[in-house]
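Participant: no letters, just coordinates:
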């Protein structure tokens, strides 16, 4: 469910709620989670199908097993080949929409970011490729116009694009107008646009993964996993600028990992709630940490979800425990959603939040003590990090236009979900 607020564009709205990584699934098996939008707008949903090298666009609300209306990266709704051209993709990792209504895809396997301009049709050609000199190249590298395993893409309100360039340990800013092969204007995490070092400083990053978010004030947050911290960059952004805030470390030159209220074992997914509190995924410790505003360097987390205290790190499958947490998100009511790859589920926690609290609802399982991946569809979700692969598949079955629950008879939930950082509609989940 990335990078990824609700954008309203006249006749329709797009919510990039779920980025689902599936293997061997048909478009009908890639149904999604959200109810319809308001007014005359048509709500649409972007779903990244990593294993089938495509990005799917859905109208919402949809009927059970409804097909996607558009497939980017494939000639039809039944193909899934990895290729390199203007009309294909290879293992896309994220998608979003810019303020002008264009769809952008982080084409991870081709080391590029693709732009699709409306009107949208299946098999259409991308109009811009960032990270490559043309539409048929797929080389990875470092430089002002190169990328190496771009994991995430996001836009600020001014239309500037930010790309988390994972293997190069950096975040790049590209300013409009966008053209194929263009150079980034700003790099964060490196001394210049030709460097890719893993460092532990106020200016450096190390192994940032699945952790990029822009808060209401335009600050850019990055989950700096290799340094066991999350850092904040404040606008205006300039190359090699220093981060202005660090969570998880006492200062910008420490990288101690651990299990306490002030230490973590690698922060990845990040989100900022409506009150300005920072929430960060501490996957190795099977927990999510809350840092309460006003934020300050090295501050202790005030709440831990998934553990009974700040010194525990065990995994489990209950209403109050987790296994292999992936990402976090908030809806407009302040409810917290947590995606767990190890338990093949998404859990909902309702405020007020307290350490060791229990989830109240679950998506992807019949109850809060189940974690099975199902048996019938043969779809497998793939982990996009160095850890072993994990299984989990899913079809969500809408019971009414704004009430959704999981169909357990023929499907399983994908645990690899990149949330929108603010969901605009609260789905109906299993109690």
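Facilitator: In hand now; what should we look at? Bear in mind that the values here come from a model prediction, so they are computed numbers and not experimental data.

Participant: quick one, strands of the stretch 1-150 of the chain?
Facilitator: Along the stretch 1-150 of the chain, counting by DSSP state E, counting those that start in this stretch, strands occupy 7-9, 12-15, 42-49, 54-60, 70-72, 94-97, 103-107, 112-116, 128-130, 150-155.

Participant: try the stretch 151-300 of the chain
Facilitator: With DSSP E, counting those that start in this stretch, the ranges of strands along the stretch 151-300 of the chain come out as 161-165, 170-174, 186-188, 212-214, 220-224, 229-233, 245-247, 267-272, 278-282, 287-291.

Participant: residue 204 reaches residue 190, doesn't it?
Facilitator: Yes: contact criterion Cβ atoms under 8 Å: residue 204 and residue 190 qualify, at 7.3 Å. Backbone N, C-alpha and C define where each C-beta goes, glycine included.

Participant: any residues in contact with both of these two?
Facilitator: Overlap of the contact sets of residue 204 and residue 190 (by Cβ atoms under 8 Å, 6 or more residues apart in numbering) consists of 169, 197.

Participant: could you give the bridge partners of residue 272?
Facilitator: residue 278 (DSSP bridges).

Participant: ok, residue 229 next?
Facilitator: On the basis of DSSP bridges, residue 229 is bridged to residue 224.

Participant: going forward, begin numbering at 6 instead of 1
Facilitator: Will do, 6 is the new start, and the previous item becomes residue 234.

Participant: can you pull out the helices in this structure?
Facilitator: Under the criterion DSSP state H, the chain contains no helices.

Participant: pLDDT weak spots in it?
Facilitator: 6-50, 52, 63-71, 336-337, 368-369, 378-436 (pLDDT under 70).

Participant: ends of stretch 241-250, how far apart?
Facilitator: End-to-end distance for stretch 241-250: 15 Å, by Cα to Cα, to the nearest Å.

Participant: and it, how far out from the chain's middle?
Facilitator: Remark: stretch 241-250 is offset 23 Å from the chain centroid, using Cα atoms, centre = their mean, to the nearest Å.

Participant: list the buried residues in that stretch.
Facilitator: Buried positions in stretch 241-250, judged by neighbour count with 16 or more other Cβ atoms under 10 Å: 242, 244, 245, 246, 248, 250.

Participant: outside of it, which residues touch it?
Facilitator: With Cβ under 8 Å, 6+ apart, stretch 241-250 has contacts from 178, 191-193, 195-198, 206-208, 224-225, 236-239, 257, 300-302.

Participant: try it again with 6 Å
Facilitator: Under the criterion Cβ atoms under 6 Å, 6 or more residues apart in numbering, residues 178, 191, 192, 196, 207, 208, 236, 237, 238, 239, 300 lie in contact with stretch 241-250.

Participant: distance check, the last one against residue 253.
Facilitator: Just to be clear, that refers to residue 300. Distance of residue 300 to residue 253, given as Cβ to Cβ, to the nearest Å: 12 Å.

Participant: try the second one
Facilitator: Here the distance between residue 191 and residue 253 works out to 24 Å (Cβ to Cβ).

Participant: neighbour count winner among these two?
Facilitator: residue 253 (29 against 19; other Cβ atoms under 10 Å).

Participant: okay, now the closest residue to that one other than its chain neighbours: neighbour count?
Facilitator: Spatial nearest neighbour of residue 253, chain neighbours left out: residue 234 (3.8 Å); criterion: Cβ to Cβ, 6 or more residues apart in numbering. Neighbour count of residue 234, defined by other Cβ under 10 Å: 28.

Participant: and what of residue 296?
Facilitator: For residue 296, using other Cβ under 10 Å, the count is 22.

Participant: again, but for residue 343
Facilitator: 26.

Participant: which ones are touching it?
Facilitator: 293, 333, 352.

Participant: in CSV, list these along with neighbour count and distance to residue 109.
Facilitator: Shown next, in CSV, are the contacts of residue 343 (neighbours: other Cβ atoms under 10 Å; distance: Cβ to Cβ, whole Å):
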residue, neighbour count, distance to residue 109
293, 26, 27
333, 26, 22
352, 26, 29
